[in-house]
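S.K.: next one to model:
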Amino acid sequence: MTDRLIGMSSRIAVVPGSFDPPTLGHLDVIRRAARLYDELHVVVVHNPDKAGMLPAAQRVSLLEQSIAEDEAMSGNVIVGAWSVGLLVDYAQEVGAGVLVKGIRSQVDVAYETPMAVVNRHLADIETVFLLPEPSHALVSSSLVRQVAGLGGDVSPYVPPAVSRFLARAGANDF
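M.R.: Alright, predicted model coming up:
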């Protein structure tokens, strides 16, 4: 395993997700992961099992704005997108030895564990699970989309940049 990690640093990590849209739970995990690693890549990935509400470029922009507006966020976060190939290919390309995943419940653990095992097998890349703050644990992007789509106030659940964007977009766009 060590031979395959030559040139890779466990101090570089990747936080993947669909971030459709980014939530305060996402930002919480990103903020805490940024304190743990020298360089953190936050990557909007295409999930073929999910129909996206926002284009990937819009999600990248909202993440960049949200991170820039977060005073507690360090300057070691890089935001990007990855839509072709395996996530471990991206991780290897940037020299990351770790994937960081936020998990809210046992359902997330059951979903993420097989992927973590396969990623380790494919590329010797470890997965670290971080729990969000309890106040964010029950909020998902799909719940935010549903509330926003019905005209509800999502500002308690999303960063200000996302709240502003969703308010401008209006409920009819969801």
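S.K.: got the contact list for the helix of greatest length in the chain?
M.R.: Ranked by residue count under DSSP state H, the longest helix found in the chain is helix 106-123. With contact meaning C-beta atoms under 8 Å, 6 or more residues apart in numbering, helix 106-123 is reached by 4, 86-89, 91-92, 99, 101-103, 125-127, 129. No exception for glycine: its C-beta is placed from N, CA and C like everyone else's.
S.K.: then stretch 58-70?
M.R.: 18-22, 26-27, 30-31, 42, 44, 54, 73, 77, 79-81, 159-162, 165.
S.K.: so which of those are in helices?
M.R.: Counted as lying in helices by DSSP H, out of these, are His26, Leu27, Ile30, Arg31, Pro160, Ala161, Val162, Phe165.
S.K.: what sits against the fourth one?
M.R.: Put plainly, it is Arg31. Arg31 touches Asp70, Ala72, Met73, counting by C-beta under 8 Å, 6+ apart.
S.K.: give me the below-cutoff pLDDT ranges for this structure.
M.R.: Applying pLDDT under 70 to the chain flags the ranges 1-10, 171-174.
S.K.: ok, longest strand in it?
M.R.: For the chain, the strand with the greatest residue count under DSSP state E is strand 9-17.
S.K.: counting by contacts, list what it packs against.
M.R.: Packing partners of strand 9-17 (3 or more C-beta pairs under 8 Å, 6 or more residues apart in numbering; DSSP states H and E): helix 24-36, strand 39-45, helix 87-94, strand 96-102.
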